[in-house]
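1. Sharing a model prediction with you, sequence too.
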Amino acid sequence: MREENGVVKQPLNIFLYAQEGFGKSSFGDGSTKPLFIGNECPPTISSRKLITENFLDFIDTLSDIANTDKYKEHKTIVIDTIDGVLKQAEDLILKGTGKNMNTVLGGYGAGWRQIEEYAKQILTHLQTIQSKGNNVIILSHRSTESFEDKTTGETYKRYVPDLNKNSRDLFMKSSQIIIYGEDDRIVKETSKSGKTALEDVKSKTFYFRGNSVYIAKTWFNTLPDELEYKEKKGESWREIGKLVNKYYQGAKSE
């Protein structure tokens with residue numbers, strides 16, 4: 001914890017997930033002195049990038065960030081993307097076995113339990129990084145799952161981070177802010193492939209409180225239910241920071 005101009009400030013731990021092309025990496029690029037690590041850091045990002053070849057490379061690099069001063073000039077560590085990293089972990093587990101995640105390592109879902117252990121290992125390093133006063137941003141693609149509304153009995157499709165449920169829950173519990181990003185897209189159908197192609201984006205929105213359609217949460221009551229995502233570099237990061245600082249300022253005055 002530190003104080004600046006009378007406002008108590010703490011490093012942030014943010015989990016942002018959204019569809020492909022939303023601008024997740026651009027948000028991380030606009031944070032305070034970012035360092036990107038992972039296997040999906042896009043070349044358009046101007047910040048320093050540590051592209052990892054496989055999961056063991058990722059863990060070794062993350063350990064270096066957490067436990068050495070090699071990267072001390074950076075103030076925000078951005079994982080891009082956590083689903084890509086854990087897919088590399090799946091590749092490590094399955095390599096040369098000819099099995100799947102349910103049957104590998106003796107079966108009965110042992111492969112997924114190993115993924116959970118890897119997720120815990122990542123979180124331990126991230127906690128060390130945050131304890132040094134650094135921000136953490138974890139980026140993920142989104143996927144869908146069936147969700148039953150217990151009050152009505154109806155089943156819905158829900159947007160969630162593209163992670164195994166148990167691993168996802170670990171990251172959800174450790175994050176101060178979980179943001180679901182959605183854009184208002186106009187799409188057109190391509191005649192040959194049947195795929196949809198992005199034609200225009202009217203607006204982009206950050207959601208901070210979840211419902212039956214998506215997962216989101218915030219520790220900070222000074223954050224609204226939603227905010228427009230600003231394309232200008234760093235603008236949304238600064239806006240969130242100011243709102244979080246209002247929370248700490250109010251806590252200090254009590």
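-> Everything's here; your move.

2. next SSE after the lengthiest helix in the chain?
-> Of all segments of type helix in the chain, defined using DSSP state H, the longest is helix 110-131. Downstream of helix 110-131, the first helix or strand assigned by DSSP states H and E is strand 135-148.

3. Any buried residues in that next one, and which?
-> Neighbour-count burial for strand 135-148, counted by 16 or more other Cβ atoms under 10 Å, picks out 135-142, 147. C-beta coordinates here come from the backbone N, C-alpha and C atoms, glycine included.

4. what about the next helix or strand after it, average pLDDT?
-> Beyond strand 135-148 on the C-terminal side, the first helix or strand identified by DSSP H and E is strand 155-161. In this model, strand 155-161 has an average pLDDT of 91.

5. Identify the residue with the minimum pLDDT among the buried residues of strand 135-148.
-> Across the buried residues of strand 135-148, the member with the lowest pLDDT is F147, scoring 74.

6. OK, contacts around the closest residue in space to that one that isn't next to it in sequence?
-> In this structure, F147 finds its nearest non-sequential neighbour in R158, 3.8 Å apart by Cβ to Cβ, 6 or more residues apart in numbering. Residues touching R158, when contacts are defined by Cβ atoms under 8 Å, 6 or more residues apart in numbering, comprise 144-147, 212-215.

7. Local confidence estimate at E148?
-> The predicted local confidence for E148 is 77.

8. just the strands in the protein please.
-> Across the chain, reading from the start of the chain, the strands by DSSP state E fall at 2-4, 7-9, 13-18, 34-38, 48-51, 76-79, 135-148, 155-161, 177-189, 196-207, 217-218, 226-228.

9. ok, back up a step: from the contacts of R158, which is closest to Y180?
-> Y214 (4.2 Å; Cβ to Cβ).

10. Is the closest one bridged to anything, and to what?
-> The partner list for Y214 in beta bridges (DSSP bridges) reads Y159.

11. That one and G28, how far apart?
-> Separation of Y214 from G28 (Cβ to Cβ, to the nearest Å) stands at 20 Å.

12. Tell me which of these two has more neighbours.
-> Under the neighbour definition other Cβ atoms under 10 Å, Y214 and G28 were set side by side, and G28 has more, 26 against 22.

13. Does that one touch I77 like I think?
-> No: with contacts defined as Cβ atoms under 8 Å, G28 does not count as touching I77, sitting 9.4 Å away.

14. pLDDT weak spots in the stretch 151-254 of the chain?
-> Across the stretch 151-254 of the chain, residues meeting the criterion (pLDDT under 70) sit at 185-202, 251-254.

15. wait, what's in contact with T222?
-> Residues counted as contacts of T222 (Cβ under 8 Å, 6+ apart) are 243-244, 246-247, 250.

16. ok, 7 Å please
-> Neighbouring residues of T222 by Cβ atoms under 7 Å, 6 or more residues apart in numbering: 243-244, 246-247.

17. Out of those, which comes closest to G111?
-> Compare each of these with G111 using Cβ to Cβ and the shortest gap goes to V244, at 37.7 Å.

18. Correct me if wrong: that closest one contacts T218.
-> No: at 8.8 Å, V244 and T218 do not qualify as touching, with contact defined as Cβ atoms under 7 Å.

19. number of nearby residues for G107?
-> 11.

20. For T97, give me phi and psi.
-> Here the main-chain torsion angles of T97 (degrees, to the nearest 10) amount to phi -90, psi -30.

21. Report the separation between it and N54.
-> Remark: distance between T97 and N54 (Cβ to Cβ) = 16 Å.

22. The residue nearest to F147 and E148, how far apart?
-> As for R158, its distance to E148 is 10 Å (criterion: Cβ to Cβ).

23. re the thing from before, can I get the buried part of the contacts of T222 as one PyMOL selection?
-> A single PyMOL command is used to select the members of the contacts of T222 judged buried by 16+ other Cβ under 10 Å:
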select buried, resi 243+244+247
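
24. Among the contacts of T222, which one sits closest to I177?
-> Closest to I177, out of all of the contacts of T222 and judged by Cβ to Cβ, is V244, at 8.0 Å.
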